[in-house]
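Give me the fold of what follows.
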Amino acid sequence: MAKTGYGKRLAGDEDPHADPDFAHLSPREREIAVFIDALDEGHAMGYKAIAAEHPRYGQQAVRSAMGRITLAGHVRWIKEHITVEDNSMRWVTRTYWSRTRRSDEWWDDFVRARHGKDVTEQYMGGLARADEAEQATGEAEHEAEQDAEPAHEPQPQPPSQPQQGSKSRSESRSEPASETDEQYSTAYQTLADLRTADARMPLSDGDCRALESLAAEWLARGAAPEDITRALTDGLPSTVTNPGGLARNRLENKMPPKKAKIRQKAVRRARVTRVIMACGLCDADERTTEIVSGLCRECLDAIEAEGPVYGYVPDTFLPGPREPGGGLPPGADEVIDVTDRVNALREAAGLTSRNGRRG
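Down below sits the predicted model:
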């Protein structure tokens, strides 16, 4: 995909999909035109990018076909000069696609209509000046470091008081207490519950307290308690001799990355202050060369040298039914099967027809 705002854009006001959309093109050009028409809006439209994804044709074939598709009136490359309200300016090249073939006059009107357009919603951060980009990156990294810290430090919990009939002091120290689970942090409780998820990972109260800060860091980076449990129990050996050491090793080595928090900048209004045509094959524009039907003279000559080019044909020149009584001889509008007519002529001349019969 191209950067947002720089790839395929629809010119709009198109006819509904129909089988003869690209019937005026050659088979190869028709196949590539259908391929382009199916691409998502925003997809890169350079012939190299399309050739890299097309299953049949390479760069030279796609380049030639793109030239002829351009001459047929389906695509134009337009450079727009954008002025932002902070007085910064830049040129942006946009590619406009039309499934409906358009005339040069239609595209000229389209370009004139782009002049003065408010493109605030289409203005992207990638257009920011270099110093602003570096400043934004530094701010994002600083905020990411702050966000990576746990939201709160786990408060130390008072030790549970031994009661008569309770377990011995050594037993109560060997496993987390269960009567006051609600007093422990989510990180601690996740570690304590590992013995339930997998009996090979029975962490003691001391282990849970020692590893609580690492588990809290996981949670601060966006991990869920289930993610911690999965990371500490998946793929365990048949026998675990040191659950606390294994848990520490996995918590440290599988720590998820920090999430960068990008501060949203205030929207700056942007407007198109100049629009010019560009060649679809070499990127030259009207400032340096003449653009004819979407191509510069040099690229146009190269395309025409490969064979005849059929450009846009107005509807008035397309075949259609003639009105009766137009002064034409009888049968002028009759649809004739050429194969049958040729066979009839061959039989009349006493020649063998293609079906093997002889007159």
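
Contact partners for residue 22?
29-30, 33-34, 37, 74 (Cβ atoms under 8 Å, 6 or more residues apart in numbering). For every residue, glycine as well, the C-beta is placed using N, CA and C.

filter those to the buried ones?
Among the contacts of residue 22, those buried by neighbour count (16 or more other Cβ atoms under 10 Å) are 29-30, 33, 37, 74.

what bits of the stretch 1-150 of the chain have low per-residue confidence?
Applying pLDDT under 70 to the stretch 1-150 of the chain picks out residues 1-6, 19, 121-150.

ugh, typo on my part, it should be the stretch 251-359 of the chain
Counting by pLDDT under 70, the ranges of the stretch 251-359 of the chain that qualify are 260-267, 308-335, 352-359.

Let me see the ranges of the helices in it.
297-305, 338-348 (DSSP state H, counting those that start in this stretch).

from those helices, which stretch is densest packed?
helix 297-305 (a mean of 15; mean count of other Cβ atoms under 10 Å).

Run through the neighbouring helices and strands of it.
Packing partners of helix 297-305 (3 or more Cβ pairs under 8 Å, 6 or more residues apart in numbering; DSSP states H and E): helix 59-71.

before we move on, the earlier item: got the contacts of residue 22 as JSON lines, with secondary structure and distance to residue 111 columns?
Output for those, formatted as JSON lines (DSSP: H, G, I helix; E, B strand; the rest coil; distance: Cβ to Cβ, whole Å):
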{"residue": "29", "secondary structure": "helix", "distance to residue 111": "24"}
{"residue": "30", "secondary structure": "helix", "distance to residue 111": "26"}
{"residue": "33", "secondary structure": "helix", "distance to residue 111": "22"}
{"residue": "34", "secondary structure": "helix", "distance to residue 111": "26"}
{"residue": "37", "secondary structure": "helix", "distance to residue 111": "22"}
{"residue": "74", "secondary structure": "coil", "distance to residue 111": "16"}
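
Just name the closest of the residues you listed to residue 220, please.
Within those, proximity to residue 220 (Cβ to Cβ) peaks at residue 37, which comes in at 46.9 Å.

What sits closest to the closest one if chain neighbours are left out?
Closest residue to residue 37 apart from its sequence neighbours, by Cβ to Cβ, 6 or more residues apart in numbering: residue 99 at 5.3 Å.

The one you found touches residue 17, doesn't it?
Yes. With contact defined as Cβ atoms under 8 Å, residue 99 reaches residue 17; the gap is 7.4 Å.

For stretch 34-51, buried residues please.
35-37, 39, 42-47, 49-51.

Residue 82 and residue 269 touch, don't they?
No. If you go by Cβ under 8 Å, residue 82 and residue 269 don't touch, sitting 10.6 Å apart.

Give me the more crowded residue out of those two.
Ranked by neighbour count (other Cβ atoms under 10 Å), residue 82 and residue 269 place residue 82 first, with 19 against 12.

Tell me the spacing between residue 7 and residue 40.
8 Å (Cβ to Cβ, to the nearest Å).

And for residue 303?
Counting by Cβ to Cβ - residue 303 and residue 40 are separated by 27 Å.

Kindly report the same for residue 251.
Distance from residue 251 to residue 40, counting by Cβ to Cβ: 40 Å.

and the buried ones among the contacts of residue 22 as JSON lines, adding distance to residue 197?
Listed next are those as JSON lines, based on distance: Cβ to Cβ, whole Å:
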{"residue": "29", "distance to residue 197": "60"}
{"residue": "30", "distance to residue 197": "59"}
{"residue": "33", "distance to residue 197": "56"}
{"residue": "37", "distance to residue 197": "52"}
{"residue": "74", "distance to residue 197": "59"}
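
Which helix or strand contains residue 108?
Applying DSSP states H and E as the criterion places residue 108 in helix 104-114.

in that helix, what counts as buried?
104, 106-107, 110-111.

Give me the more crowded residue out of residue 99 and residue 17.
The neighbour comparison of residue 99 against residue 17 (other Cβ under 10 Å) goes to residue 99, with 18 against 8.

my guess is the more buried one is in a strand, correct?
No. Counting by DSSP: H, G, I helix; E, B strand; the rest coil, residue 99 is not found in a strand; it is coil.

Make residue 1 into 51 and carry on from there
That works, and once the first residue is 51, the last one we named lands at residue 149.

quick one, phi/psi of it?
Main-chain torsions, residue 149, degrees, to the nearest 10: phi -60, psi -40.

Mark which of the buried residues of stretch 84-101 are part of strands, please.
Members of those lying in strands (criterion: DSSP state E): none.

nearest to residue 145, of those?
For the buried residues of stretch 84-101, with residue 145 as the reference and Cβ to Cβ as the criterion, the closest is residue 95, at 4.1 Å.

So that closest one sits against residue 57, correct?
Yes. Contact criterion Cβ under 8 Å: residue 95 and residue 57 qualify, at 6.0 Å.

Need the overlap of contacts for the two.
Common contacts of residue 95 and residue 57 (Cβ under 8 Å, 6+ apart): residue 145.

and residue 139, what is it in contact with?
131-133, 323.

What remains of those if I keep only buried residues?
Using 16+ other Cβ under 10 Å, the buried ones in the contacts of residue 139 are residue 132.

got the contacts of residue 139 as a markdown table, with distance to residue 109 and secondary structure columns?
Conversion of the contacts of residue 139 to a markdown table gives the following (distance: Cβ to Cβ, whole Å; DSSP: H, G, I helix; E, B strand; the rest coil):
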| residue | distance to residue 109 | secondary structure |
| --- | --- | --- |
| 131 | 30 | strand |
| 132 | 30 | strand |
| 133 | 36 | strand |
| 323 | 35 | strand |
